[in-house]
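K.L.:
Quick one, what's the 3D model for this:
(one chain, ligands or ions: 2)
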Amino acid sequence: MDTILKKIDEDNLEKTVFEEAGKILRNGGLVAFPTETVYGLGADALNSEAAAKIYAAKGRPSDNPLIVHIAEKEDLKRLTTSIPSEAEVLIEAFWPGPLTLIFHKRAEVPDGTTGGLSTVAVRMPSHKIARELIRSSGVLIAAPSANLSGRPSPTEAEHVWQDMQGRIDMLIDGGKVGIGIESTIVDMTVNPPMILRPGYITREMLEEKIGPVEVDKAAQAERIFEIGENYQPKAPGMKYRHYAPRADFIMFEGSRPNVVAEIQKRKQKEEAVGKKVGIICTDESRDCYFGEYVVSIGSRKNEKEIAANLYKTLRNFDETDIDVILGETVSRDGFGQAIMNRLIKAAGYKLINTDG
Ligand code: TXA
Ligand code: MG
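P.N.:
Numbers count the residues shown, from 1 in each chain. Ligands and ions are numbered 1, 2, ... in the order given. You can find the predicted model right below:
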């Protein structure tokens, strides 16, 4: 299939592009589009055959449910009949925005969209292009991140093109996304509500609005044994090894001097056996390392910058012949929780404490 590529400006929403995209969606086709978090791969959420095409295009396991994207709060009633009062508070506070809420689903929502679950994940994106696409197409859009399964999520149209060219009907290029990490997912069908995937909307921000919120063990684990071999994450997607770069990726935590020393030592060791080594550091430590593939993901003082650079940095390493990536950890405070969650999963939970 030939993939149509249309570039548009967020501040000049060209009607003809949306007409073309809307037609594709209504006919059960696939359209990738930008959201404020990452690029999504959209299909009609209420059409099971259309949803099935998403799984085929991504190479995604069919038990991993999709998030349904809506343009208006009213649309939620087409997906669920039970909206708890805490959910109403969160919707009021954070929609449109990077927050996905889970509800009991209506019968009309096909199993093909929810991976056979009785619940449905819903999000109202704030990105202008995403909202206009949903609104003008008239369909509720099921959309996972628009990457091949197992690769880092796309934060630029170029990344979607690399993974999806020839596999989808259309890509709307709206430039770089703002946040760079997927939405926070909160299960509203349990009491207290539970975070299944950390994101830009932090636990503190949620608790300030609705009181205590729990965090699924799989979403906060930093070491594989903290999860346990048989534990099933509440968000099925959290069990897959996501965001994985092709090279072996190992992270180092501890005091700054210890981390730098350990990374340097490990680099020498790997190079001694002929391995090519890349380093992921921050602006603050950039000058401590030498070599061709030393990349800073941003300043420790600016967690938003780090989040926005994260997936791109991992993807860029895939374009090199690096065998091993050695990375520094960053603060776990606030939004840092989500950043570290993605980094640690990308590293396959290989995290070395350098403090002893
Ligand atoms: O920011 C985002 O959420 C992006 C953009 C495109 O909106 N989308 C995204 O979708 O990250 P995806 O498919 O890559 O991740 C969806 C996650 C998966 O881990 C999936 O298992 C979980 O949401 N999920 C979806 N429906 C669920 C449900 N009913 N119960 C529990 N987890 C669910
Ligand atoms: Mg994804």
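K.L.:
CA only for contacts and neighbour counts going forward, please
P.N.:
Will do.
K.L.:
what's the burial count for the residue nearest to G175 when sequence neighbours are not counted?
P.N.:
Nearest-residue entry for G175: E156, 6.0 Å, with adjacent residues in sequence omitted and distances by CA to CA, 6 or more residues apart in numbering. Neighbourhood size, E156 [other CA atoms under 10 Å]: 21.
K.L.:
What is the burial count for V259?
P.N.:
Residues near V259, counting by other CA under 10 Å: 22.
K.L.:
Before we move on, what's the pLDDT of it?
P.N.:
Note on V259: pLDDT of 97.
K.L.:
Repeat that for the one 3 residues further on.
P.N.:
In the predicted model, E262 carries a pLDDT score of 97.
K.L.:
isn't there a helix covering it?
P.N.:
Yes: for E262, which was evaluated using DSSP: H, G, I helix; E, B strand; the rest coil, the result is membership in a helix.
K.L.:
neighbours of it, just the number please.
P.N.:
Counted by other CA under 10 Å, the residues lying close to E262 total 20.
K.L.:
check contacts around it.
P.N.:
Applying CA atoms under 8 Å, 6 or more residues apart in numbering to E262 gives the contacts F252, T354.
K.L.:
quick one: it and ligand 1, what's the gap?
P.N.:
Using CA to the nearest ligand atom, to the nearest Å, one obtains 33 Å as the distance from E262 to ligand 1.
K.L.:
does I352 sit in a helix or strand, and which one?
P.N.:
Assessed by DSSP states H and E, I352 sits inside strand 351-353.
K.L.:
T80 contacts F103, correct?
P.N.:
Yes: contact between T80 and F103 holds when scored by CA atoms under 8 Å: they sit 6.5 Å apart.
K.L.:
Are there residues contacting both of the two? Which ones?
P.N.:
Shared contacts of T80 and F103, defined by CA under 8 Å, 6+ apart, comprise V120.
K.L.:
Who has more neighbours out of the two?
P.N.:
When T80 and F103 are compared on other CA under 10 Å, the one with more neighbours turns out to be F103, at 23 against 19.
K.L.:
need the contact list for the closest residue to Y311 other than its chain neighbours.
P.N.:
Of all residues beyond its chain neighbours, the one nearest Y311 is P152 (5.5 Å), with distances taken as CA to CA, 6+ apart. Taking CA under 8 Å, 6+ apart as the definition of contact, the neighbours of P152 are H242, Y243, A244, P245, Y311, K312, L314, R315.
K.L.:
tell me the phi and psi of the closest residue to R286 other than its chain neighbours?
P.N.:
Counting by CA to CA, 6+ apart, the nearest residue to R286 once its immediate chain neighbours are dropped is S296, at 6.3 Å. With angles defined as degrees, to the nearest 10, S296 shows backbone torsions of phi -90, psi 130.
K.L.:
So which bits of the chain are right by ligand 1?
P.N.:
Near ligand 1, the residues belonging to the chain are 37-40, 64-67, 102, 114, 119-121, 143-145, 182-183, 234-238 when assessed by CA under 6 Å from any ligand atom.
K.L.:
Narrow those to those that are buried.
P.N.:
By neighbour count, with 16 or more other CA atoms under 10 Å, these hold 37-40, 64-67, 102, 114, 119-121, 143-145, 182-183, 234-235, 237-238 as buried.
K.L.:
Narrow those to those in strands?
P.N.:
Counting by DSSP state E, these place G40, I67, I102, T119, V120, A121 in strands.
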